[in-house]
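K.L.:
Pasting the sequence and the predicted coordinates here, then a few questions.
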Amino acid sequence: MEFFRIKKDIPFMKHALIFNAISFITFALAVFFLFTRGLHLSVEFTGGTVMEVAYSQPAELAKVRETVSALGYPEVQVQNFGTARDVMIRLPVQKGVTSAQQSEQVLSALKAADPEVTLRRTEFVGPQVGEELVHGGLMALAMVVVGIVIYLAFRFEWKFGIAAIIANLHDVVIILGFFAFFQWEFSLAVLAAVLAVLGYSVNESVVIFDRIREAFRKYRKMSTSEVIDHAITSTMSRTIITHASTEAMVLSMFFFGGPSLHYFALALTIGIVFGIYSSVFVAAAIAMWLGVKREDLVKPTRKEGDPNDPQAGATV
């Protein structure tokens, strides 16, 4: 399905150097903010107090969050656990306040709003758990990166694999840079969004790379830059339909999903926007700079009786 068809190829690669310079500057700023500001890690990574409380009626999470936030926890995590009556509250570590004191303070505030609330469980999540989560998250990210490179190298060519993984890491670092600059809370949900962006972005790169290979086979008189321009232009209608549909779903989570999905949807939104940019202006351009050519993707066919083919059978 196509909403429109562009008849004349857009010369994207003519401005590839400018686009790559913008990408490098954005990437460098993201790395700078990561090192200078760092990530604002959530309770899952830093440790803290986890409480489970039960209500006699379905809990109103917004009111629970407002009550706890009034105690000095502006970014507290409040979510349903099991049923609509059970609520899990994650509190960050506070200096000079023990886990027991935190839970008593929060429970008193909750009882003041609803006397029938009861405490089911409270426990302290130590920083050791956070270290294990960080290690597991980094391992998952590394495995995804290696898998993408191997997949693209086998399906296309190693130059495409290198180009795609640079573009994908470009997206990941920029997402982390946004979270570092604005000090948004980085939780397990955001980590899941980052991993999802990796797969989403590589899918767009595969579509463009596949069109590049088809164009190399079909248009033998085109140069490499012209082939890439044609491939990108021919996928624009598909790109707009796909990403607009995905972004509509993500924005619905962002506006109506509540605080628990806020940063998850925000990370996905940043990843989708920069994923489109990196697939078109980063991955394709880097493949061109690496010297990809027709012979890398289209193997020459040898005709029977070709004197240059030592394996061709001689005809009498």
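P.N.:
Ah, there it is.

K.L.:
Next, name the residue at the spatial heart of this protein.
P.N.:
Val197 (2.5 Å; Cα atoms, centre = their mean).

K.L.:
and the helix or strand it falls within, what does it pack onto?
P.N.:
Element membership of Val197, judged by DSSP states H and E, is helix 188-218. Here helix 188-218 touches helix 127-155, helix 158-182, helix 224-234, helix 236-256, helix 259-277, helix 284-289, helix 294-297, going by 3 or more Cβ pairs under 8 Å, 6 or more residues apart in numbering; DSSP states H and E. (C-beta placed from N, C-alpha, C; glycine too.)

K.L.:
Kindly calculate the angle that the fourth one makes with helix 224-234.
P.N.:
Inter-element angle recorded for helix 236-256 and helix 224-234: 50 degrees (by axes from the mean of the first three to the mean of the last three Cα atoms, to 10 degrees).

K.L.:
Hmm, Thr239 is touching Ile276, no?
P.N.:
Yes: with contact defined as Cβ atoms under 8 Å, Thr239 counts as touching Ile276 (6.5 Å).

K.L.:
Quick check: neighbours shared by these two?
P.N.:
Glu204 (Cβ atoms under 8 Å, 6 or more residues apart in numbering).

K.L.:
who has more neighbours, these two?
P.N.:
With neighbours defined as other Cβ atoms under 10 Å, Thr239 and Ile276 compare such that Ile276 has more, 19 against 16.

K.L.:
for the more buried one, what are its contacts?
P.N.:
204, 239, 243.

K.L.:
For the stretch 1-150 of the chain, give me the ranges with low pLDDT.
P.N.:
Scanning the stretch 1-150 of the chain for pLDDT under 70 picks out the ranges 1-4, 127-130.

K.L.:
picking up where we left off before, can you redo the contacts of Ile276 as JSON lines with pLDDT?
P.N.:
Below are the contacts of Ile276 laid out as JSON lines (pLDDT from 0 to 100):
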{"residue": "Glu204", "pLDDT": "81"}
{"residue": "Thr239", "pLDDT": "83"}
{"residue": "His243", "pLDDT": "86"}
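
K.L.:
What residues sit buried inside the helix holding Val197?
P.N.:
189-191, 193-195, 197-198, 200-202, 204-209, 211-216 (16 or more other Cβ atoms under 10 Å).

K.L.:
Give the pairing partners of the top strand by length along the chain; include direction for each.
P.N.:
In the chain, assigned by DSSP state E, the strand with the most residues is strand 83-92. Sheet pairing of strand 83-92 (DSSP bridges) gives strand 48-54 (antiparallel), strand 77-81 (antiparallel).

K.L.:
quick one on the thing from earlier: please verify my assumption that the residue nearest to the centre of the chain contacts Ile272.
P.N.:
Yes: counting by Cβ under 8 Å, Val197 does reach Ile272; the two are 7.5 Å apart.

K.L.:
Identify the residues contacting the closest residue in space to Arg85 that isn't next to it in sequence.
P.N.:
Distances taken as Cβ to Cβ, 6 or more residues apart in numbering put Tyr55 closest to Arg85, at 4.9 Å, once the chain neighbours are dropped. For Tyr55, the contacting residues are 85-87, 114, 116-117, by Cβ under 8 Å, 6+ apart.

K.L.:
cool, and His243?
P.N.:
272, 276.

K.L.:
distance of it from Phe178?
P.N.:
18 Å (Cβ to Cβ, to the nearest Å).

K.L.:
Phe255: neighbouring residues, count only.
P.N.:
Counted with other Cβ under 10 Å, Phe255 comes out at 11.

K.L.:
quick one: it and Thr269, what's the gap?
P.N.:
Distance of Phe255 to Thr269, given as Cβ to Cβ: 11 Å.

K.L.:
now do Ala140
P.N.:
22 Å.

K.L.:
about what we covered before: among the contacts of Tyr55, find me the one that's closest to Gly48.
P.N.:
Val87 (16.0 Å; Cβ to Cβ).

K.L.:
Show the contacting residues for the closest one.
P.N.:
52-55, 59, 61, 64, 78-81.

K.L.:
Filter those down to the buried ones, ChimeraX style.
P.N.:
Typed into ChimeraX, the line below selects the buried ones among these, using 16+ other Cβ under 10 Å:
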select :52,53,54,55,59,61,64,78,79,81
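
K.L.:
re the thing from before, could you dump the strands paired with strand 83-92 into a markdown table and include distance to Thr224?
P.N.:
As requested, those are exported to a markdown table (distance: least, Cβ to Cβ, whole Å):
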| stretch | distance to Thr224 |
| --- | --- |
| strand 48-54 | 54 |
| strand 77-81 | 50 |
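
K.L.:
Perfect, I'm done here.
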